[in-house]
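**Student:** this one's structure only:
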């Protein structure tokens, strides 16, 4: 709802600017105010794009665990979280939101399986606690989404907030621990 109000506000601002520019040109096309209004109108898409991307996650090398295949999967998880963020922000509809969320959860499960296979294969001593963290995360997402029928938008926002926070903390915490162990075993 907030995004719809924001988009309405941008559209209204554009309409007001166009009206002001038409009136300013009628009063005198050489006036500096006329061209200032034109410049502001032209800048709106750039400003909107800049502010619209504020809430998106960006990959940072500080998220790297030093294992390229896992870093690549983490990058994809961030892209999928951003895709879900866009779906929620722009009210793309229930079907697209659910597809974005399902793709994110499915890929997360696949990523967890990959991590767990590497840990188990290499004898990671904290394998079971790490796998339990994965299980709890999936259970929490399912719990949050159980409220979807009552309030779809709130459920999506809550799931998104949880996933964003959890992923970054997990990568920088326990994933770093197992990655050091796996790299010491020659996994690269």
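**Tutor:** That came through, no problem. Because the structure is a prediction, the values reported are computed rather than measured.
**Student:** Can you give me the pLDDT of residue 79?
**Tutor:** pLDDT recorded at residue 79 is 94.
**Student:** ugh, wrong one, residue 144
**Tutor:** Reported pLDDT for residue 144: 81.
**Student:** gap between it and residue 47?
**Tutor:** Using C-beta to C-beta, to the nearest Å, residue 144 is found at 33 Å from residue 47. To be clear about C-beta, it is placed using only N, CA and C from the backbone, and glycine gets the same treatment.
**Student:** What are the boundaries of the strands in the chain?
**Tutor:** Along the chain, no segments are classed as strands by DSSP state E.
**Student:** remind me, longest helix of it?
**Tutor:** helix 94-121 (DSSP state H).
**Student:** Sort out which residues of it are buried, please.
**Tutor:** For helix 94-121, the neighbour count (16 or more other C-beta atoms under 10 Å) marks 96-97, 100-101, 104-105, 108, 111-112, 115-116, 118-119 as buried.
**Student:** again, but for stretch 150-160
**Tutor:** Buried residues in stretch 150-160 (16+ other C-beta under 10 Å): 155-160.
**Student:** so what's the most centrally placed residue in the chain up against?
**Tutor:** Computing the C-alpha centroid of the chain and ranking residues by C-alpha atoms, centre = their mean puts residue 82 first, at 2.5 Å. For residue 82, the contacting residues are 56-57, by C-beta atoms under 8 Å, 6 or more residues apart in numbering.
**Student:** do you know how far it is from residue 103?
**Tutor:** 12 Å.
**Student:** Residue 171 too?
**Tutor:** According to C-beta to C-beta, residue 171 and residue 103 sit 19 Å apart.
**Student:** Ok, residue 186 next?
**Tutor:** 33 Å.
**Student:** With residue 170 instead?
**Tutor:** Distance, residue 170 to residue 103, using C-beta to C-beta: 19 Å.
**Student:** just residue 176 next, same as before
**Tutor:** From residue 176 to residue 103 the distance is 26 Å (C-beta to C-beta).
**Student:** again, but for residue 75
**Tutor:** In terms of C-beta to C-beta, residue 75 sits 15 Å off from residue 103.
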